[in-house]
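> sequence and predicted structure, then a few things I'm wondering about:
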Amino acid sequence: MIRLSVNGEGREFGKEMTVASLLEALGTPPERVAVELNLQILDQHDYSRTVLKDGDRLEIIRFVGGG
Amino acid sequence: MTFMKDDFLTIGGVQLKSRLIVGTGKYKDFEQTRMAIEAAGADMVTVAVRRVNIIDRDKENLLDYIDPKKYKILPNTAGCYTADEAVRTARLARAAGITHLVKLEVIGDAKTLFPDTAGLIEAAKILVKEGFVVLPYTNDDPIVAKKLEDAGCACVMPLAAPIGSGLGIRNPYNIQIIRGTVKVPVIVDAGVGTASDAAIAMEMGCDGVLMNTGIAGAKDPIAMAEAMKYAVWAGRLAYKAGRIPKKPYATASSPVEGMIE
């Protein structure tokens, strides 16, 4: 089991997973979002080959209305 | 409007067909946002960068309504109180893969939302080095404006008044000095309350106006968006036309000769 912090929320998953599969599990289409893993921004091309480890901290952002 | 057809504004190599830049916050829904932007005739729109909601999934995405192919998207760093936070937010915005433009905000105080200009200049220097096109939201301070230009910002965006205040241009002479100080475009950003405020900014020779609450907070946002479009046009045209000097006494418009006796 791995424990992740995703946007400040604790999440537990049964097995190792990639960033791409995390986004899928969260129902977040990978287009038009950005992912920061342990304060490092990930290239979108790396989502499918970046394997998450226990204790990883992620920020996933998108654009919302703003001035 | 043929007289405004080729009156483009170029910021950091990005050509804008409209001098009115609008925000996308505070609307009733995405459809109203879309309609207001269209009514404003805007070519560039600002957006904010926020966490994806992982508890309550978003049903819709703003960008489903505001097509990045049709509009230039300008992500902001609103809500950032340090240079570090703003730089981090700007990097995330760029990583979303749509744009390398950023409306840089480093806020100094929650009550006034005035910029922390020291942090702003610091963040601007970092982001310019990293290849961002930086559009800084700044105070109506000519010295800071010059420093931002020297740091490589693509324009300067002095506030008219506090964000969302609707007070109009509180310090027109400073805005005028800024216009005369920097060579990069000057965009009046924040504090516009109604159409005349936008027109005044343009009459003073500013290159554009950025607003959000002035439109979104109006009773009829779509109508106000259209009013702002005409105000920016009118002000721009009046500036280009060259106004008459102000004089304390009258000058007759009708001939003084040929009066009946």
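Received, thanks. Please read these numbers as outputs of a predicted model, since none were measured by experiment.
> what residues does chain A put near chain B?
Proximity of chain A to chain B, by CB under 8 Å from any CB of the partner chain, involves residues A:6-9, A:11, A:26-28, A:31-36, A:39, A:41-44, A:59-67. All C-beta spots, glycine's among them, are computed from the backbone N, C-alpha and C.
> okay, and which of these map to strands?
A:6, A:9, A:11, A:33-36, A:41, A:59-65 (DSSP state E).
> buried subset of those residues?
A:V6, A:V33, A:A34, A:V35, A:E36, A:E59, A:I60, A:I61, A:R62, A:F63, A:V64, A:G65 (16 or more other CB atoms under 10 Å in any protein chain shown).
> among the ones in strands among the residues of chain A next to chain B, which two are most distant?
A:R11 and A:G65 (26.6 Å; CB to CB).
> and B:R34, how many neighbours?
Neighbours of B:R34 under the rule other CB atoms under 10 Å in any protein chain shown: 19.
> element containing it, please.
Using DSSP states H and E, B:R34 falls within helix B:30-40.
> can I get whichever helix or strand comes after that helix in CSV, CA atoms only?
Sequence order places strand B:44-51 as the next helix or strand after helix B:30-40, per DSSP H and E. Taking Å, rounded to 0.1, in the frame of the first residue of the first chain, the C-alpha atoms of strand B:44-51 are listed here in CSV:
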residue,chain,number,x,y,z
MET,B,44,-6.9,38.0,-24.1
VAL,B,45,-8.5,36.7,-20.9
THR,B,46,-7.0,36.1,-17.5
VAL,B,47,-7.5,32.9,-15.5
ALA,B,48,-6.4,31.8,-12.1
VAL,B,49,-4.3,28.7,-11.1
ARG,B,50,-5.9,26.5,-8.5
ARG,B,51,-5.9,22.9,-7.2
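> next SSE downstream of strand B:44-51?
Next along the chain after strand B:44-51, with elements defined by DSSP H and E, is helix B:62-65.
> helices and strands around that next one, which ones?
strand A:57-65, helix B:30-40 (3 or more CB pairs under 8 Å, 6 or more residues apart in numbering or on different chains; DSSP states H and E).
> returning to what we had before: of the ones in strands among the residues of chain A next to chain B, which is the nearest to B:I200?
For those, the minimum distance to B:I200 (CB to CB) is 26.9 Å, reached by A:G65.
> ok, now which ones touch the residue of chain A found nearest chain B?
Evaluated by CB to the nearest CB, chain A has A:G66 as its residue closest to chain B, separated by 2.6 Å. By CB atoms under 8 Å, 6 or more residues apart in numbering or on different chains, the contact list for A:G66 reads B:G23, B:T24, B:G25, B:T46, B:V47, B:A48, B:V49, B:N76, B:A78, B:N212.
> can you add neighbour count and pLDDT and give these back as TSV?
Putting those into TSV (neighbours: other CB atoms under 10 Å in any protein chain shown; pLDDT from 0 to 100) gives the following:
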residue	neighbour count	pLDDT
B:G23	31	97
B:T24	29	97
B:G25	21	96
B:T46	28	98
B:V47	29	98
B:A48	24	97
B:V49	25	97
B:N76	26	98
B:A78	23	97
B:N212	27	97
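> please consider this matter closed, and thank you.
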